[in-house]
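Colleague: Predicted model and sequence below, questions to follow.
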Amino acid sequence: MRRAALRFCSLNKGLLIPGRGLTQGSQNPEKQRVIHMHEACSPIHVNHVRDKLREIVGASTNWRDHVKAMEERKLLQSFLAESQKGLPPRRMRDSYSEVLLPLGSQPELREKYLTVQNTIRFGRILEDLDSLGVLICYMHTRIHEAKMSPLSIVTALVDKIDMQKMSLSPEQDIKFSGHVSWVGKTSMEVKMQMFQLHGNEFCPVLDATFVMVARDSENKGPAFVNPLIPESPEEEELFRQGELNKGRRVSFSAKSLLKMAPSAEERNTIHEMFLHTLDPKTVSFQSRVLPPNAVWMEDSKLKSLEVCHPQERNIFNRIFGGFLMRKAYELGWATACNFGGSRPFVVAVDDIMFQKPVDVGSLLFLSSQVCFTQDNYIQVRVHSEVASLESKEHMTTNVFHFTFMSEKEVPLVFPRTYGESMLYLDGKRHFSSMSVPVNLRKD
Ligand SMILES: CCCCCC(=O)SCCNC(=O)CCNC(=O)[C@H](O)C(C)(C)COP(=O)(O)OP(=O)(O)OC[C@H]1O[C@@H](n2cnc3c(N)ncnc32)[C@H](O)[C@@H]1OP(=O)(O)O
């Protein structure tokens with residue numbers, strides 16, 4: 001059997017899952033860890049993930065039945081726990097799941113994932129990660145005696161996605177794996193990895209951390225999730241990391257430029273940039289000129305509009321987080337491409353907050369701009385807001401941050417207004433928080 005010979009190679013982070021025959025080769029994290037696949041459970045085919053989710057929540061297949069399906073979900077309310085203590089603790093291995101995207105062995109899948117440069121559409125990968133993240137949370141919160149879950153699990157945050165490879169082949173199998181790595185009262189952190197087949201080894205190509213939130217059967221209020229018990233020093237470390245991540249998110253958000261003035265150093269940066277744009281021929285704060293090899297931030301903007309059709313709905317009849325990410329990513333990619341003048345590669349995604357659900361039928365307005373650049377790197381921010389067909393009122397639903405790497409050095413981007421200066425500093429903060437992709441392998 002072909003699968004029996006496959007191995008995971010160079011795993012940076014691994015989960016010890018003795019019950020499922022996965023072993024780590026070394027205590028030394030610098031040394032390669034090898035997970036032997038022959039004893040592991042079969043991965044789920046990527047096309048079955050959403051079907052499985054539909055089964056778990058009892059979603060309607062036909063849009064016209066969605067009201068009835070939601071009515072049925074109301075009956076599950078009685079299965080919800082009144083406190084977290086009332087729920088059995090779970091281990092990391094309980095939620096561990098694998099998904100196979102067999103691009104190599106099933107060429108008919110390729111079309112959906114293909115870019116014109118014969119690489120993989122990253123937006124599609126975002127969709128798959130989103131669905132897997134939700135499935136993993138349903139594994140963690142599974143009630144064995146109930147067929148359907150009373151929980152509505154939604155994506156609250158894409159904390160971080162780090163790429164370890166610039167472009168992926170559409171002709172080799174891909175595998176995703178992941179598990180819950182930390183839980184709060186109603187939220188769960190999920191760590192996922194993506195691997196691509198290289199020879200007969202699955203090599204890591206991406207690390208992702210998402211935060212999912214459990215809501216009640218009707219997705220109207222919060223719901224408790226099972227506690228998580230780490231079983232080994234590695235798992236304790238992951239759990240501790242999850243706790244630190246929560247603290248880091250709170251502190252990042254508390255220092256947000258929407259709440260606090262920039263630091264002295266940041267103010268200095270902005271003032272220096274301002275001075276750089278003053279026309280030396282006039283003694284005026286008003287006449288501004290672009291320095292050489294620079295672009296005004298407002299000139300980097302691209303916008304798009306999506307009509308949110310029922311096809312893109314998730315099991316709770318809201319628009320799929322994965323769809324929103326794909327659309328935002330593709331606009332962000334086009335913005336970086338337009339700005340840098342060459343093909344950009346995504347190297348990091350971070351801090352995508354899903355602030356508000358997007359209803360089916362909404363108009364989704366996406367607005368993307370370059371907010372910071374350095375050498376070959378382009379930091380892009382995509383802002384999304386919705387308006388219903390009836391009302392013209394716009395509401396922000398998400399802000400996306402993408403870091404791209406261009407094939408050649410890119411121009412500097414200059415803010416003209418105070419608001420743009422804040423976007424610049426926010427982009428710089430996001431760029432600095434990225435773990436530098438020094439290990440990116442150029443194909
Ligand atoms: C396939 C099935 C569906 C697929 C998934 C999707 O497509 S979902 C579609 C895309 N996503 C969405 O539509 C979600 C839209 N956003 C929302 O509905 C809401 O913002 C939310 C439910 C996520 C959070 O709402 P509130 O902040 O009012 O909720 P509440 O204050 O009760 O917090 C609930 C828990 O979430 C945590 N929490 C809230 N926002 C968070 C964030 N940005 N980052 C980390 N954690 C966060 C809180 O700490 C708390 O955890 P603790 O209690 O542990 O302390």
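Modeller: That came through fine.
Colleague: For the lengthiest helix in the chain, the averaged confidence score.
Modeller: Secondary structure of the chain per DSSP state H: the longest helix is helix 233-254. Per-residue pLDDT over helix 233-254 has a mean of 92.
Colleague: Could you double-check that Ser167 lies in contact with Phe122?
Modeller: No. Assessed by Cβ atoms under 8 Å, Ser167 is found out of contact with Phe122, at 9.3 Å. (Glycine included, C-beta is placed from N, CA and C.)
Colleague: who's more crowded, those two?
Modeller: Between Ser167 and Phe122, Phe122 has the larger neighbour count (other Cβ atoms under 10 Å), namely 23 against 19.
Colleague: quick one: contacts for the more buried one?
Modeller: By Cβ atoms under 8 Å, 6 or more residues apart in numbering, the contact list for Phe122 reads Tyr329, Trp333, Val346.
Colleague: could you dump the helix or strand harbouring the last one to CSV, C-alpha only?
Modeller: Secondary structure assigned from DSSP states H and E places Val346 in strand 345-354. Backbone C-alpha positions of strand 345-354 (Å, rounded to 0.1, in the frame of the first residue of the first chain) are rendered in CSV as follows:
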residue,chain,number,x,y,z
PHE,A,345,4.1,35.2,-2.5
VAL,A,346,2.2,35.1,0.8
VAL,A,347,4.5,34.5,3.7
ALA,A,348,2.3,35.3,6.7
VAL,A,349,-1.3,35.9,7.6
ASP,A,350,-2.2,37.2,11.0
ASP,A,351,-4.9,38.6,13.3
ILE,A,352,-7.9,38.1,11.1
MET,A,353,-10.7,38.9,13.5
PHE,A,354,-14.2,37.8,12.6
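Colleague: What is the subsequent helix or strand relative to it?
Modeller: Counting by DSSP H and E, what follows strand 345-354 is strand 363-374.
Colleague: got the buried residues for that next one?
Modeller: Buried residues in strand 363-374, counted by 16 or more other Cβ atoms under 10 Å: Leu363, Leu364, Phe365, Leu366, Ser367, Ser368, Gln369, Val370, Cys371, Phe372, Thr373.
Colleague: Can you tell me which residue of the stretch 201-350 of the chain sits closest to the ligand?
Modeller: Residue of the stretch 201-350 of the chain nearest the ligand, by Cβ to the nearest ligand atom: Gly321 (3.2 Å).
Colleague: which residues in the stretch 301-443 of the chain form helices?
Modeller: Taking DSSP state H, counting those that start in this stretch, the helices of the stretch 301-443 of the chain run over residues 321-340, 418-433.
Colleague: I'd like to know which elements the longest one is packed against.
Modeller: With contacts taken as 3 or more Cβ pairs under 8 Å, 6 or more residues apart in numbering; DSSP states H and E, helix 321-340 sits against helix 122-140, strand 152-163, strand 302-307, strand 345-354, strand 363-374, strand 377-387, strand 395-405.
Colleague: So the last one, near the ligand or not?
Modeller: Spelled out, that is strand 395-405. No. Strand 395-405 stays clear of the ligand (Cβ under 6 Å from any ligand atom), getting no nearer than 7.4 Å.
Colleague: No more questions from me, cheers.
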